[in-house]
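Q: Output the structure for:
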Amino acid sequence: MILNKTTNERFDVKITKADTFFKRLIGLMGRKDIDFAMLFTNIKNPSIHTHFMRFDIDVYFLDKNNKVIEKTTLKPWKFYRPSKKAEYILETKKDKLKIKIGDCLEFI
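A: The predicted structure follows:
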C-alpha cells in the first residue's frame, strides 16, 4: 500500500521491491501487464529504460525522504535520465496512481 502523506490519500497497490542487482536489471521487462508497483532501491544510477516492455509506465523519482522530485511517462523502447539525483524509483502502469511532483509518499 502507498500512502500519499501530502494528500492523505491511500493507494491499495502491492509494492514489489527491486532491491538487488538482478531484480533491478530485469525490472518490468517482458511482462504483459502488472497489478503492482515496483520500487527500485539501492540505485547508483537513476536512469532507466523500457526496452522489452509491452505497456506504458509512469515513473516517479524520489529523494531520500520519499518526496517525488520528478515524474515521467514512458512508452516501450525509451530511455530516460532524470535531471535530479534520485534515491528511489517507483514504476507503475500508466495512470494507475494520482501522484504529483512534491508529494511525499510512505510505503506500507
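Q: so Phe22 is in which element?
A: Phe22 is part of helix 21-26 when elements are defined by DSSP states H and E.
Q: buried stuff in whichever helix or strand comes after that helix?
A: Following helix 21-26 in sequence order, the next helix or strand is strand 36-40 (DSSP H and E). Neighbour counts over strand 36-40 (16 or more other CB atoms under 10 Å) mark 37-40 as buried. Heads up, the C-betas are built off the backbone N, CA and C, glycines and all.
Q: Now do the helix holding Phe22: everything it contacts.
A: If you take CB atoms under 8 Å, 6 or more residues apart in numbering as the criterion, helix 21-26 is touched by 17-18, 40, 42-43.
Q: buried residues in it?
A: For helix 21-26, by 16+ other CB under 10 Å, it's Arg24.
Q: and the lowest-mean-pLDDT helix or strand in the chain, how far from the chain's centre?
A: Ranked by mean pLDDT, DSSP states H and E, the weakest helix or strand in the chain is helix 21-26, scoring a mean of 85. A distance of 14 Å separates the centroid of the chain from that of helix 21-26, by CA atoms, centre = their mean, to the nearest Å.
Q: and what of stretch 87-100?
A: Remark: stretch 87-100 is offset 5 Å from the chain centroid, using CA atoms, centre = their mean.
Q: go on, stretch 47-59?
A: 10 Å.
Q: Check stretch 6-14 too.
A: Stretch 6-14 has its C-alpha centroid displaced from the chain centroid by 14 Å (CA atoms, centre = their mean).
Q: what are the ranges of the strands in this structure?
A: With strands called from DSSP state E, the chain shows them at 2-4, 9-11, 14-18, 36-40, 48-49, 57-62, 68-74, 79-80, 88-93, 105-107.
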